[in-house]
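Visitor: Pasting the sequence and the predicted model now:
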Amino acid sequence: MQFFAVVTGLIHLEMLPFLFFPGGDSLSWIFQAFFSLIFVVFVFYGQRIQMYIMIREIQGSLLRLKFIRDEGRKIALKTIKEIGKSEVDPAERVDRFLEYVTIRPESMDPAGIVWKLEHILDVREERFKDEVKLMAPAADETNINNLENTLEAAAALNFIYKVIRHFYLLGKKTLSLYIIMQIQMILPLIMREAEAYASALKAFSYGQPIGDGAGALVVAKLMYGRRKRKIEKDCVVAKISIEGRTAYVIKAEGPGGNVGKPGEAIKRVIEENDGKISTVIMIDAALKLEGEKPGEIAEGVGAAIGGPGTEQYKIENSILKYKIPIHAVLIKEDIGDAVSPMRKEIFEATEAAVERVKCVIKEKTKEGDTIIVAGIGNTIGVGQ
Amino acid sequence: MNDETDTTARKISSIVIIVIIVALALSLSALYQAYDLFINEDPTMGLWLLIGFIGLALSTYMLLQTRSRMKRFTLKTPPITTTIICSKCGFKNVRNFERGDYILKKLDSCSKCKGTLMISAIYRKVDEKGKELKIFS
């Protein structure tokens, strides 16, 4: 009613403050004015304030990403100089490498896409190896593989930094809450991945075994001291006896950073034995869920192999042709552990995994059977 | 990689630091004033108290922000150990990882029994005390 009185001019304008801030004393007047101002500011500018806070948070992470990216480049360059002993400065070539892109084949007509993708990946790998040989002429095969892995990790860090910078700048330019919000929401996961790549880079540059190599390590323990032969691309196979069964154990050739082509190797062994294989057992590192302990072992069925999918496709095709059962033994770890130097829990889990593989063999096959045991993963820092 | 490598965080202007310190000093004096007015039972004490606390909160926040910006980023390198074992007498030696080490690498002969030394393990130890949530384990 008092408000209407003002509007209708029934009271004097000098009384206006006392209508809104009753009480009369200056202290309550100031308090009321202050809180009213805050209220008005938040009504009109709340979203913008929130956006600026998010931009600031992204900026902080971007600064850290830039540092990680630059450190990665420095480590890669230092390792190349140390190992490669090149007469020319490899910096320019390294910078060019970090910008390489791989274009996936067109999938509008999906028939034959696996082979197209495999071809592209083969070309990519050849190109990378050639580049590394030019950067580090004195490096041997093991070091070339390690350097290639180091550079790939540095390239991944460069890519992550550029994508986040793109969204940050785009968000600032457009002042779109949704662009900024989506990047801010996934930022903790991206930072975790970037830090994992940073520690992977160090592991690769020193040739240390990484968590992803758990599967390869299990098989390396089985084939240690036995006669081995090279099979297909960058893989080795040993024919051994486990619990009265003949086992072909396959892994990528170490100790250089290498995943090989286990799909091709398994296919070859199956063909060599005219399909008379009782079972295929694959051992690989698998991503754990939060709450699961690193180094937990899980069993299952199916082709336990990651990557772009070409090798999994080949394995599934080969076992389907001869109706061979396939079992998987998985060692759980998170993405950080998979690409960082192998942690103690995972190393100890490989011992338990060897026993688990023997259990599967005893339970699922008979004495005299022929089986394949394949250890999947990057075999950096793991011999055989 | 065209932009320059800058591994140290940006430096904070000394004027900003001076402004923050002055604001901090003024907030503290406002709080003292509030205390003085409280002794004299003056009702304006609340206003000074509010100003003092807001000023103190803002200047402390700004100071902490500048400190975190000044902090230099580092990439932690966990210690990696290499375990060497003699296959004959079981002699075990644990040392720091050296470039060229790999699991199942054969080394020189054992100094005790002349057996073959082999790298049996390379790993890092992770201290996760206090990190785990035991409630749902």
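Guide: Okay, I see it. Residues are numbered from 1 along each chain as shown, chains lettered A, B, ... in the order given.

Visitor: Where does the record place the domain boundaries for chain B?
Guide: Listed domain ranges for chain B are B:14-70, B:80-124 (source: automatic domain parsing).

Visitor: among the ones you listed, which is nearest chain A?
Guide: Evaluated with CB to the nearest CB, the domains of chain B place domain B:80-124 nearest to chain A, the distance being 3.6 Å. (C-beta placed from N, C-alpha, C; glycine too.)

Visitor: so, in contact with chain A or not, the closest one?
Guide: Yes. Applying CB under 8 Å from any CB of the partner chain, one finds domain B:80-124 touching chain A at B:80, B:97, B:99-105, B:121-124.

Visitor: Ok, stretch B:29-47 next?
Guide: Yes. Judged by CB under 8 Å from any CB, stretch B:29-47 comes into contact with chain A at B:43-44, B:46-47.

Visitor: Any chance of the residues you listed in a markdown table with distance to A:A156 as columns?
Guide: Formatted as a markdown table, the residues of stretch B:29-47 next to chain A follow (distance: CB to CB, whole Å):
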| residue | distance to A:A156 |
| --- | --- |
| B:P43 | 64 |
| B:T44 | 61 |
| B:G46 | 57 |
| B:L47 | 56 |
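
Visitor: now the domains of chain B in a markdown table, with distance to A:N273?
Guide: Listed next are the domains of chain B as a markdown table, based on distance: least, CB to CB, whole Å:
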| stretch | distance to A:N273 |
| --- | --- |
| domain B:14-70 | 62 |
| domain B:80-124 | 27 |
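
Visitor: Highest mean neighbour count out of these?
Guide: domain B:80-124 (a mean of 16; mean count of other CB atoms under 10 Å in any protein chain shown).

Visitor: How far does that domain stretch from one end to the other?
Guide: Domain B:80-124 has its terminal residues 5 Å apart, counting by CA to CA, to the nearest Å.

Visitor: same thing with stretch A:299-318?
Guide: End-to-end distance for stretch A:299-318: 21 Å, by CA to CA.

Visitor: List the buried residues of it.
Guide: Judged by neighbour count (16 or more other CB atoms under 10 Å in any protein chain shown), stretch A:299-318 contains these buried residues: A:303-306, A:309-316, A:318.

Visitor: now do stretch A:120-140
Guide: For stretch A:120-140, by 16+ other CB under 10 Å, it's A:120-121, A:128, A:131-132, A:135-136, A:139.

Visitor: Tell me if that stretch is near chain B.
Guide: No. Remark: stretch A:120-140 sits outside contact range of chain B, by CB under 8 Å from any CB, the gap being at least 11.1 Å.

Visitor: Just the helices from chain B, written as ranges.
Guide: Counting by DSSP state H, one finds helices in chain B at the ranges B:14-39, B:45-70.

Visitor: swap in chain A?
Guide: Applying DSSP H to chain A gives helices spanning A:2-7, A:16-20, A:26-84, A:91-98, A:113-135, A:141-174, A:177-206, A:214-223, A:262-272, A:310-321, A:335-339, A:344-364.

Visitor: and the stretch 101-250 of chain A, which residues reach chain B?
Guide: Counting by CB under 8 Å from any CB, the residues of the stretch 101-250 of chain A that sit close to chain B are A:158, A:198-199, A:202, A:206-209, A:217, A:220-221, A:224.

Visitor: what bridges to A:I283?
Guide: Beta bridges link A:I283 to A:V329, A:G375, judged by DSSP bridges.

Visitor: is it true that it touches A:V357?
Guide: Yes. Taking contacts as CB atoms under 8 Å, A:I283 lies within contact range of A:V357: 6.4 Å.

Visitor: how close does A:T246 get to chain B?
Guide: From A:T246 across to chain B, the span is 23 Å (CB to the nearest CB, to the nearest Å).

Visitor: Tell me who's in contact with the residue nearest to that residue when sequence neighbours are not counted.
Guide: Distances taken as CB to CB, 6 or more residues apart in numbering or on different chains place A:T370 nearest to A:T246, at 4.7 Å, with adjacent residues excluded. If you count contacts by CB atoms under 8 Å, 6 or more residues apart in numbering or on different chains, A:T370 has them with A:245-248, A:273, A:276-278.

Visitor: let's see 10 Å
Guide: The contact partners of A:T370, taken as CB atoms under 10 Å, 6 or more residues apart in numbering or on different chains, are A:239, A:245-248, A:269, A:273, A:276-279.

Visitor: Among those, which are located in strands?
Guide: A:239, A:245-248, A:279 (DSSP state E).

Visitor: Need the max-distance pair from these.
Guide: Using CB to CB, the two most remote members of the ones in strands among the contacts of A:T370 are A:K239 and A:T279, lying 15.9 Å apart.

Visitor: re earlier: using ChimeraX, define a selection of the buried residues within the ones in strands among the contacts of A:T370.
Guide: One line in ChimeraX is enough to select the buried ones among those; burial here means 16+ other CB under 10 Å:
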select /A:245,247,248,279
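
Visitor: just the ones in strands among the contacts of A:T370 now: which is nearest A:G72?
Guide: Taking CB to CB as the measure, A:G72 lies nearest A:Y248 of the ones in strands among the contacts of A:T370, at 38.6 Å.

Visitor: for chain B, what are the nearby residues on the stretch 251-384 of chain A?
Guide: Residues of the stretch 251-384 of chain A found near chain B (CB under 10 Å from any CB of the partner chain) are A:254-256, A:290-294, A:336-337, A:340-348, A:350-351, A:379-384.

Visitor: switch the cut-off to 7 Å
Guide: For the stretch 251-384 of chain A, the residues in contact with chain B (CB under 7 Å from any CB of the partner chain) are A:254-255, A:291, A:341-344, A:347, A:381-384.

Visitor: Within its local environment, how many residues does the closest residue to A:K366 other than its chain neighbours see?
Guide: Of all residues not flanking A:K366 in the chain, A:S278 sits nearest, at 7.5 Å (CB to CB, 6+ apart). A:S278 sits with 17 neighbouring residues when counted by other CB atoms under 10 Å in any protein chain shown.

Visitor: Quick one: residues contacting A:S278.
Guide: Going by CB atoms under 7 Å, 6 or more residues apart in numbering or on different chains, A:S278 touches A:365, A:369-371.

Visitor: Just put these in TSV and tack on pLDDT.
Guide: Listed next are the contacts of A:S278 as TSV, based on pLDDT from 0 to 100:
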residue	pLDDT
A:T365	93
A:D369	94
A:T370	95
A:I371	96
